[in-house]
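[1] Return a 3D structure for these sequence lines:
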Amino acid sequence: MFHLQQSGDKSEEFQFLSFSQFLINVHTTGAGAAAHPCAGRKKITRIHQIGRRKDQIDGSAVFFHPTETSHRTKKAHLYILSRDNRKQSNKGRGRKMSPQKQAEEAIVPSNMSETEHDGREEKGEATHGGGFSAKAFLWHGGSVWDAWFSCASNQVAQVLLTLPYSFSQLGMLSGILLQVFYGLLGSWTAYLISVLYIEYRTRKEKQNVSFKNHVIQWFEVLDGLLGPYWKAVGLAFNCTFLLFGSVIQLIACASNIYYINDRLDKRTWTYIFGACCATTVFIPSFHNYRIWSFLGLGMTTYTAWYLAIAAFVHGQVEGVTHSGPTKLVLYFTGATNILYTFGGHAVTVEIMHAMWKPQKFKYIYLMATLYVFTLTLPSASAMYWAFGDQLLDHANAFSLLPKTRWRDTAVILMLIHQFITFGFACTPLYFVWEKVIGMHDTKSICVRAFCRLPVVIPIWFLAIIFPFFGPINSAVGALLVSFTVYIIPALAHMLTYRKASARQNAAEKPPFFLPSWTAMYVINIFVVGWVFVVGFGFGGWASMTNFIRQVDTFGLFAKCYQCKHPPPVAAAHH
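    Residues are numbered from 1 along each chain as shown. Sure thing, here's the model as predicted:
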């Protein structure tokens with residue numbers, strides 16, 4: 001049975017073949033429409049399948065609710081009731097249901113993600129016939145586990161090799177404490193971003209806005225909740241941060257491969273890997289990173305434990321010293337590098353949008369961070385214990401370890417992982433560029449790939465100009481990450497829910513461990529104040545000082561930055 005609630009107070013019931021996990025958009029027409037046997041003058045003209053096949057019927061009840069009326073057309077949505085709710089509705093049959101009660105009993109909420117619909121539709125098509133599909137398994141990823149792998153894989157990335165360098169600047173105790181502190185801080189702001197995404201999505205879908213073939217991005221969330229000025233700020237910071245994040249990955253590729261093959265200088269390797277990383281234009285969205293995220297996390301896990309074990313096997317170098325921290329400029333440079341380490345959630349919105357159920361994302365980033373701690377803390381601590389102050393002159397941890405097959409394996413795995421991370425950083429930029437040129441809704445992968453190519457060119461060029469590996473991490477962390485993923489989300493959350501009505505009607509209430517809006521505001525104010533003063537203020541000063549010192553020492557367009565044996569051409573400059 002189903003209820004057809006029309007524009008008035010009338011309610012009618014009709015017999016209908018009901019099945020769960022389906023959403024039906026019903027378009028009813030007036031004069032000239034063929035009568036439907038169930039609905040009298042009503043005509044069902046379109047059905048969208050989002051889940052199970054038609055043969056998987058469980059007898060759930062269905063419910064129609066109109067959304068708008070025009071002169072010729074009425075639109076209605078089918079809500080599917082669970083078995084329990086169906087029993088309740090049967091008890092109350094003959095009584096009129098309020099819209100609020102109807103919404104509560106719907107198992108398919110009105111703000112259900114279209115990404116979930118599309119993902120299940122794709123999944124259903126790929127596995128049509130009930131058999132196993134390699135394409136569905138490797139290509140279509142929108143589960144909670146997919147999001148966790150994406151967050152963890154993207155978060156640890158290349159900073160795994162620069163954290164020992166940061167420990168030499170901070171000292172052992174400060175390095176460990178700041179990792180834990182900034183990891184929790186980053187998890188909090190990632191939670192805020194997820195809440196704002198759900199709020200934005202809920203408001204828009206109540207207005208019948210469709211996101212078919214459209215990926216929601218952070219600057220669009222800011223625009224919808226706070227207006228165009230916030231959109232401009234979010235777009236500027238986010239795009240600049242992701243641009244330099246992509247640059248860092250290219251620099252890291254050249255730096256790492258040099259430890260296996262030093263017949264070519266690092267600048268030449270940058271040319272080569274720039275061309276290789278350009279192939280990421282063929283990956284449509286984060287929905288299609290399932291296998292890459294899984295492999296990427298496995299690669300970084302191997303590398304992290306290789307660093308820890310290799311450091312202990314190597315033992316402490318003769319005359320090792322652990323003098324850090326010695327200078328404020330070095331201390332805050334290392335601190336901002338750790339700030340950058342746990343600020344990888346600039347792609348949170350895109351990862352959420354790729355999920356079948358984005359509402360489940362809220363604590364995924366925290367779970368990913370806890371796993372990342374098991375990689376970063378042992379490896380950085382062991383490397384600093386073994387090599388001490390020598391790390392001050394070696395931003396890449398590989399440079400101090402002896403050449404073995406284990407190290408070569410770690411280098412190769414990190415190279416592959418950097419390709420994946422480059423795609424993570426670049427994909428949101430691809431989306432922005434597609435929207436600018438009006439090609440975002442194009443379904444052809446080849447056409448979209450061709451349109452994305454101009455995004456790679458400036459990234460390639462900047463990686464050749466600034467081959468400073470560690471210093472770029474710190475500068476980006478202080479100047480861009482501070483605002484992009486810490487300050488702006490906290491401010492946006494406070495402003496979005498500044499009114500009592502907004503808090504009362506919030507799509508997501510305060511978390512169970514902090515069930516107070518006042519407490520949330522206190523934490524947000526602390527985040528803004530701390531990151532602005534310590535991260536952006538002191539960290540910006542230290543990072544820019546260190547960055548300028550590196551430029552003066554090595555110069556722009558350096559052919560082989562921090563190479564042990566400079567080629568003869570470079571030797572002429574010394």
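[2] Have a look at the chain and report the helix or strand with the lowest mean pLDDT.
    Lowest mean confidence among the helices and strands of the chain (mean pLDDT, DSSP states H and E): helix 99-105, at a mean of 34.
[3] now residue 215: how far from residue 348?
    13 Å (C-beta to C-beta, to the nearest Å). All C-beta atoms are positioned from the backbone trio N, CA, C, and that covers glycine.
[4] More neighbours: those two, which one.
    More crowded of residue 215 and residue 348, by other C-beta atoms under 10 Å: residue 348, with 27 against 23.
[5] And stretch 491-509, what's buried?
    491, 492, 493, 494, 496, 497, 506, 507, 508 (16 or more other C-beta atoms under 10 Å).
[6] right, I mislabeled it, should have said stretch 450-463
    451, 452, 455, 456, 459, 460, 462, 463.
[7] Centre of the chain to it, how far?
    Remark: stretch 450-463 is offset 21 Å from the chain centroid, using C-alpha atoms, centre = their mean, to the nearest Å.
[8] what's the answer for stretch 140-149, then?
    11 Å.
[9] now that stretch: mean pLDDT?
    Across stretch 140-149, the average pLDDT comes to 87.
[10] and if you look at stretch 481-493?
    Stretch 481-493 comes out at a mean pLDDT of 93.
[11] buried residues in the helix ranked longest in the chain?
    For the chain, the longest helix by residue count, based on DSSP state H, is helix 172-206. Using 16+ other C-beta under 10 Å as the test for burial, helix 172-206 gives 172, 174-176, 178-179, 181-183, 185-202, 204-205.
[12] Quick one: name whatever helix or strand follows that helix.
    Counting by DSSP states H and E, the element after helix 172-206 in chain order, helix or strand, is helix 218-226.
[13] helices or strands next to that next one in the packing?
    Other elements packing on helix 218-226 under the criterion 3 or more C-beta pairs under 8 Å, 6 or more residues apart in numbering; DSSP states H and E are helix 172-206, helix 228-257, helix 348-353, helix 488-496.
[14] Of the ones you listed, give the one that comes closest to residue 283.
    helix 348-353 (12.1 Å; C-beta to C-beta).
[15] Export the helix or strand following that closest one to CSV, keeping only CA atoms.
    Next along the chain after helix 348-353, taking DSSP H and E as the criterion, comes helix 364-387. What follows is helix 364-387, C-alpha atoms only, in CSV (Å, rounded to 0.1, in the frame of the first residue of the first chain):
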residue,chain,number,x,y,z
ILE,A,364,36.6,8.6,9.4
TYR,A,365,39.4,11.1,9.4
LEU,A,366,40.0,10.6,13.1
MET,A,367,40.3,6.8,12.5
ALA,A,368,42.7,7.5,9.7
THR,A,369,44.8,9.8,11.9
LEU,A,370,45.1,7.2,14.6
TYR,A,371,46.5,4.7,12.1
VAL,A,372,48.8,7.3,10.7
PHE,A,373,50.3,7.8,14.2
THR,A,374,51.4,4.1,14.0
LEU,A,375,53.5,5.0,10.9
THR,A,376,54.8,8.5,11.7
LEU,A,377,55.8,8.3,15.3
PRO,A,378,58.0,5.1,15.2
SER,A,379,59.7,6.0,11.9
ALA,A,380,60.5,9.7,12.8
SER,A,381,61.6,8.8,16.4
ALA,A,382,63.9,6.0,15.2
MET,A,383,65.5,8.0,12.5
TYR,A,384,66.2,10.9,14.9
TRP,A,385,67.5,8.6,17.5
ALA,A,386,70.0,7.0,15.0
PHE,A,387,71.2,10.1,13.1
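[16] tell me the mean pLDDT over helix 364-387?
    Here the average pLDDT along helix 364-387 is 94.
[17] Then stretch 214-221?
    90.
[18] Show me which residues of it are buried.
    Under 16+ other C-beta under 10 Å, the buried positions of stretch 214-221 are 214, 215, 216, 217, 218, 219, 220, 221.
[19] Return the residues in contact with the fifth one.
    Meaning residue 218. Neighbour list for residue 218: 193, 234, 238, 346, 348, 349 [criterion: C-beta atoms under 8 Å, 6 or more residues apart in numbering].
[20] is it true that residue 353 touches residue 213?
    No: using C-beta atoms under 8 Å as the test, residue 353 is too far from residue 213 to be in contact (11.9 Å).
[21] Which one of these two is surrounded by more residues?
    Higher neighbour count among residue 353 and residue 213: residue 353, with 24 against 11, using other C-beta under 10 Å.
[22] and the closest residue to that one other than its chain neighbours, what does it touch?
    Distance criterion C-beta to C-beta, 6 or more residues apart in numbering; nearest residue to residue 353, sequence neighbours excluded, is residue 216 at 5.0 Å. Residue 216 sits next to 197, 200, 201, 349, 350, 353 when contact means C-beta under 8 Å, 6+ apart.
[23] What number of neighbouring residues does the closest residue to residue 154 other than its chain neighbours come out with?
    Excluding its sequence neighbours, the residue lying closest to residue 154 (C-beta to C-beta, 6+ apart) is residue 424, at 4.7 Å. Residues near residue 424, counting by other C-beta under 10 Å, number 29.
[24] residue contacts, residue 424?
    150, 153, 154, 286, 289, 347.
[25] out of those residues, which one sits closest to residue 249?
    Nearest member of the contacts of residue 424 to residue 249, counting by C-beta to C-beta, is residue 154, at 10.8 Å.
[26] ok, back up a step: JSON lines for the buried residues of stretch 491-509, including distance to residue 368?
    What follows is these, written out as JSON lines (distance: C-beta to C-beta, whole Å):
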{"residue": "491", "distance to residue 368": "24"}
{"residue": "492", "distance to residue 368": "22"}
{"residue": "493", "distance to residue 368": "20"}
{"residue": "494", "distance to residue 368": "25"}
{"residue": "496", "distance to residue 368": "25"}
{"residue": "497", "distance to residue 368": "26"}
{"residue": "506", "distance to residue 368": "25"}
{"residue": "507", "distance to residue 368": "23"}
{"residue": "508", "distance to residue 368": "20"}
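[27] quick one, what contacts the nearest residue to residue 159 once chain neighbours are set aside?
    The shortest distance from residue 159 to any non-neighbouring residue, by C-beta to C-beta, 6+ apart, is to residue 341 (4.4 Å). By C-beta under 8 Å, 6+ apart, the contact list for residue 341 reads 155, 159, 163, 179, 182, 376, 477.
[28] correct me, but residue 497 touches residue 524?
    No: between residue 497 and residue 524 there is no contact under C-beta under 8 Å: 10.0 Å.
[29] Quick one: mean pLDDT for the helix or strand where residue 459 lies?
    Here residue 459 sits within helix 445-465, counting by DSSP H and E. Here helix 445-465 scores 87 as its mean pLDDT.
[30] That one to helix 228-257, inter-axis angle?
    70 degrees (axes from the mean of the first three to the mean of the last three C-alpha atoms, to 10 degrees).
[31] And the contacts of helix 445-465?
    In contact with helix 445-465 (C-beta under 8 Å, 6+ apart) are residues 243-244, 246-247, 250-251, 254, 267, 270-271, 274, 277-278, 281-282, 284, 426, 429-430, 433-434, 437, 439, 442, 556-557.
[32] For the strand or helix carrying residue 333, the averaged confidence score.
    Assigned by DSSP H and E, residue 333 belongs to helix 328-341. The average pLDDT for helix 328-341 rounds to 87.
[33] residue contacts, the nearest residue to residue 336 once chain neighbours are set aside?
    Leaving aside its chain neighbours, residue 336 sits nearest to residue 539 (3.5 Å; criterion: C-beta to C-beta, 6+ apart). Listed by C-beta under 8 Å, 6+ apart, the contact set of residue 539 reads 332, 333, 335, 336, 339, 474, 477, 478, 482.
[34] Could you tell me how many residues sit around the closest residue to the first one other than its chain neighbours?
    Taking C-beta to C-beta, 6+ apart, and ignoring the residues beside it in sequence, residue 332 has residue 542 as its nearest neighbour in space, at 3.5 Å. Close neighbours of residue 542, defined as other C-beta under 10 Å, add up to 24.
[35] Repeat that for residue 228.
    Using other C-beta under 10 Å as the criterion, the residues surrounding residue 228 number 9.
[36] And the pLDDT for it?
    93.
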